[in-house]
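In: give the three-dimensional model of this entry:
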Amino acid sequence: MTELSRILESVSPKAPMTHLALRIGLSSKLGRPATEQEIDQAPSIPEGATRAEYADLLRNA
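Out: Down below sits the predicted model:
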């Protein structure tokens, strides 16, 4: 998840974290489209979190 953290922080870290951003970030990390199972395994996105805040959550998970 560290690589995903870097991806999220490098692209608009102050932007709201969304499920679409998670899907795109995971796909970028994996080099292929992320499956629903892989997306479901990621920590849930806290309401109102920015991409940088979610990246921090991933590092601490």
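In: residue 9 touches residue 53, doesn't it?
Out: No. The criterion here is Cβ atoms under 8 Å, and residue 9 misses it with residue 53 at 10.0 Å. For glycine as for every other residue, the C-beta is placed from the backbone atoms N, C-alpha and C.
In: excluding sequence neighbours, find me the nearest residue to residue 19.
Out: Spatially, and ignoring its direct neighbours in sequence, residue 19 is nearest to residue 45 (6.9 Å; Cβ to Cβ, 6 or more residues apart in numbering).
In: pLDDT score for the one you found?
Out: We have a pLDDT of 97 for residue 45.
In: kindly report the same for residue 1.
Out: pLDDT, residue 1: 70.
In: before we move on, which element is the residue nearest to residue 7 when sequence neighbours are not counted in?
Out: Once flanking residues are discounted, residue 7 sits nearest to residue 25: 4.7 Å by Cβ to Cβ, 6+ apart. For residue 25, the element it lies in under DSSP states H and E is helix 19-30.
In: how far out from the middle of the chain is that helix?
Out: On the basis of Cα atoms, centre = their mean, to the nearest Å, helix 19-30 is displaced by 6 Å from the centre of the chain it belongs to.
In: and it, what does it pack onto?
Out: helix 2-10, helix 36-41 (3 or more Cβ pairs under 8 Å, 6 or more residues apart in numbering; DSSP states H and E).
In: can I get those in CSV with distance to residue 57 and mean neighbour count?
Out: As requested, the helices and strands packed on helix 19-30 are exported to CSV (distance: least, Cβ to Cβ, whole Å; neighbours: other Cβ atoms under 10 Å):
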stretch, distance to residue 57, mean neighbour count
helix 2-10, 9, 17
helix 36-41, 14, 10
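In: residue 21 is nearest to which of those helices?
Out: Of all the helices and strands packed on helix 19-30, it is helix 2-10 that lies closest to residue 21, at 6.8 Å by Cβ to Cβ.
In: tell me which helix or strand the closest residue to residue 1 other than its chain neighbours sits in.
Out: Distances taken as Cβ to Cβ, 6+ apart place residue 58 nearest to residue 1, at 4.3 Å, with adjacent residues excluded. Secondary structure assignment for residue 58, by DSSP H and E: helix 51-60.
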